[in-house]
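J.: Make a model of this:
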Amino acid sequence: MNALILTLAVLPVIALMIYVYKSDKYEKEPIGMLIKAFLLGILSIPLALCCDEIFAEMLPGKTIFFEAFFQAGIPEELAKWGLFMLIIWKNKNFNEFFDGIVYACFIGLGFACIENIMYVFDNETFSSAIHTGVMRALLSVPGHFLFAVIMGYYFGLAKFKQKGKCKFLTLSILLPILAHGLFDYMLMLSSAFAEQNIEWLGLLLYVLFIYLDIKLWKICLKHIRKMQEESRIEHNNDIFRKIFG
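T.: I've put the predicted structure just below:
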């Protein structure tokens, strides 16, 4: 049974990593670098927990907004962003637009993998573990993937666009925090209303959450296609330069 629970926790992460890897059409990243990025995602978990403790000391009081943004969105995205800047940003393998999305996604999915395992095994019964695993496979793991796509998209622009580096770097952290915070806030608020016997309002918020989740998927897929096109153009330019000097 433990093997089944572990598989349920890890499988959506593997599926999304394969998707990102296959989406990198023009110059595959070294497997060693992808493993390093995945491990950075794991390392970001204790960093996020440290940030969480700091916010808890600085900002007493525990509201749904506080939990969504200051215990999840801000510390988690800040930890991933900081490790990307520290280890990936100046690496020679980060040499085309789409690489920002690839490395950011592997970091985000490294975080999601361990977090998923912790959550599914923190259940007293097999059925509750399966329920948690299924819900996180549908919501939390794709969520970390989507936040990473946004982050990586703006990392790619900051790295290779001639103008707007500071603006793009700022967006690479602010937009994932905003998306992550709102993602968690709406889910938490929906659950809170349902627990207070205001089911209709909880259901309404959940429907709105699903709508925004679909919109976020569309935005991120658009970003992926755009970065693929930017990488294709740069790849063709490299070939032209090699041929004609």
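J.: Quick one: the strands in the protein, in order.
T.: In the chain, no strands are defined using DSSP state E.
J.: which intervals of it have sub-threshold pLDDT?
T.: Within the chain, the stretches with pLDDT under 70 are 61, 199-202, 235-245.
J.: all helices of it, in order?
T.: Using DSSP state H, the helices of the chain run over 2-23, 31-58, 64-68, 74-83, 97-121, 126-138, 140-160, 165-195, 199-244.
J.: Quick check: residue 185 vs residue 116, distance?
T.: Residue 185 is 20 Å from residue 116, where distance means Cβ to Cβ, to the nearest Å. C-beta coordinates here come from the backbone N, C-alpha and C atoms, glycine included.
J.: Then residue 54?
T.: Separation of residue 54 from residue 116 (Cβ to Cβ): 25 Å.
J.: Those two: who's more crowded?
T.: For residue 54 versus residue 116, the count of surrounding residues by other Cβ atoms under 10 Å is larger for residue 116: 25 against 12.
J.: what sits up against stretch 112-121?
T.: Identification of contacts with stretch 112-121 by Cβ atoms under 8 Å, 6 or more residues apart in numbering yields 2, 5-6, 8-10, 12-13, 38, 41-42, 45, 129, 132-133, 136-137, 140-141, 143-145.
J.: Give me the buried stretch members for that stretch, please.
T.: Using 16 or more other Cβ atoms under 10 Å as the test for burial, stretch 112-121 gives 112, 113, 114, 115, 116, 117, 119, 120.
J.: again with stretch 167-174
T.: Those would be 168, 169, 171, 172, 173, for stretch 167-174 by 16+ other Cβ under 10 Å.
J.: Turn those residues into TSV, including distance to residue 150.
T.: Formatted as TSV, those follow (distance: Cβ to Cβ, whole Å):
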residue	distance to residue 150
168	12
169	13
171	8
172	8
173	10
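J.: Skipping adjacent residues, who's closest to residue 153 in space?
T.: Distance criterion Cβ to Cβ, 6 or more residues apart in numbering; nearest residue to residue 153, sequence neighbours excluded, is residue 223 at 4.1 Å.
J.: So what's the residue count around residue 28?
T.: Neighbourhood size, residue 28 [other Cβ under 10 Å]: 11.
J.: How about the backbone phi and psi for it?
T.: Main-chain torsions, residue 28, degrees, to the nearest 10: phi -60, psi 140.
J.: again with residue 125
T.: phi -120, psi 160.
J.: What is the burial count for it?
T.: Here the number of neighbours of residue 125 (other Cβ under 10 Å) works out to 8.
J.: before we move on, the earlier item: out of the helices of the chain, which is closest to residue 90?
T.: helix 140-160 (9.7 Å; Cβ to Cβ).
J.: Give the buried residues for that closest one.
T.: If you call a residue buried by 16+ other Cβ under 10 Å, then helix 140-160 has these buried ones: 140-160.
J.: Relative to the whole chain's centre, how far out is that helix?
T.: 7 Å (Cα atoms, centre = their mean, to the nearest Å).
J.: which residues sit in contact with residue 137?
T.: 8, 11, 12, 116.
J.: Distance of the closest residue to the second one other than its chain neighbours relative to residue 45?
T.: Of all residues beyond its chain neighbours, the one nearest residue 11 is residue 137 (7.4 Å), with distances taken as Cβ to Cβ, 6+ apart. The gap separating residue 137 from residue 45 is 19 Å, by Cβ to Cβ.
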